[in-house]
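*Asks:* below are the sequence and a predicted model; questions follow.
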Amino acid sequence: MSMENLHDLLKHELGDLLFAEKTVLKGLKKMTKEAKDPEVKARLEQHYTETEGQITNLEAAFEAIGEKARAQKCPGILGIMEEKKEFDTEEEPSPEMKEAFNLGAGMRVEHYEIAGYHSAIALAKVVGNRECADLLAQNLQQEVDMEKFLRAASGKALKEIDRKLAVAAE
């Protein structure tokens, strides 16, 4: 199918975001199990629930533009997830190193999603679909909040991981 107009591009972007959120949902489950910091673990669990809601919002955004919800394969998110998988298999990290890596991986995911939502919101506004833009803005705010949390929590969590690694090395 060729792209004829911005509506077609918005449909594509929504499909990309839907695929990304469904993929992230699977990854969040694993990251939550690997998290040892209670605050990070609790926030990941909360974001899992938020992500389920984001999927619902994306399905509603499709309806708002008169389209059936359909995920579109998203190579960008697959690349981020592949990076995590390769780190786990090739580096054979300790649980502490996995946890440290996951903080950065989580921020990469959030930044990717934030960029995608900004793009889709801009398209929705240009095509004049305020309902779609509003649904996407709800998701965007949750992604921004999660990225801010990860950025703030990572300093404390990394210091604790570093302390544990130093003790283990003694």
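*Replies:* Received the coordinates, thanks. Numbers count the residues shown, from 1 in each chain.

*Asks:* now the helices for this protein?
*Replies:* Assigned by DSSP state H, the helices in the chain fall at 6-34, 38-64, 75-90, 95-126, 130-169.

*Asks:* in CSV: these, plus mean neighbour count.
*Replies:* Quick note: C-beta positions are derived from backbone N, CA and C, even for glycine. Formatted as CSV, the helices of the chain follow (neighbours: other CB atoms under 10 Å):
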stretch, mean neighbour count
helix 6-34, 19
helix 38-64, 18
helix 75-90, 14
helix 95-126, 19
helix 130-169, 16
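
*Asks:* could you dump these to a markdown table with mean pLDDT?
*Replies:* As requested, the helices of the chain are exported to a markdown table (pLDDT from 0 to 100):
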| stretch | mean pLDDT |
| --- | --- |
| helix 6-34 | 96 |
| helix 38-64 | 97 |
| helix 75-90 | 95 |
| helix 95-126 | 95 |
| helix 130-169 | 93 |
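
*Asks:* what's near enough to touch the residue lying closest to Ala153 once chain neighbours are set aside?
*Replies:* In space, and not counting its chain neighbours, Ala153 is closest to Val40: 5.6 Å by CB to CB, 6 or more residues apart in numbering. Neighbouring residues of Val40 by CB atoms under 8 Å, 6 or more residues apart in numbering: 99, 103, 153, 157.

*Asks:* if we take those, which one ends up nearest to His12?
*Replies:* For the contacts of Val40, the residue nearest His12 by CB to CB is Leu103; the value is 31.1 Å.

*Asks:* Glu92 versus Arg43, what's the distance?
*Replies:* 27 Å (CB to CB, to the nearest Å).

*Asks:* tell me the contacts of the residue lying closest to Ile114 once chain neighbours are set aside?
*Replies:* Nearest residue to Ile114 in three dimensions, chain neighbours excluded: Glu143, at 5.1 Å (CB to CB, 6+ apart). Taking CB under 8 Å, 6+ apart, we find Glu143 in contact with 110, 113-114, 117.

*Asks:* which of those sits closest to Glu170?
*Replies:* Nearest member of the contacts of Glu143 to Glu170, counting by CB to CB, is Glu110, at 35.1 Å.

*Asks:* hmm, that closest one is touching Ser154, no?
*Replies:* No - Glu110 is beyond contact range of Ser154, at 11.7 Å (criterion: CB atoms under 8 Å).

*Asks:* picking up where we left off before, from Gln54, how far off is the residue nearest to Ile114?
*Replies:* Between Glu143 and Gln54 the computed distance is 8 Å (CB to CB).

*Asks:* go on, Val24?
*Replies:* Distance from Val24 to Gln54, by CB to CB: 9 Å.
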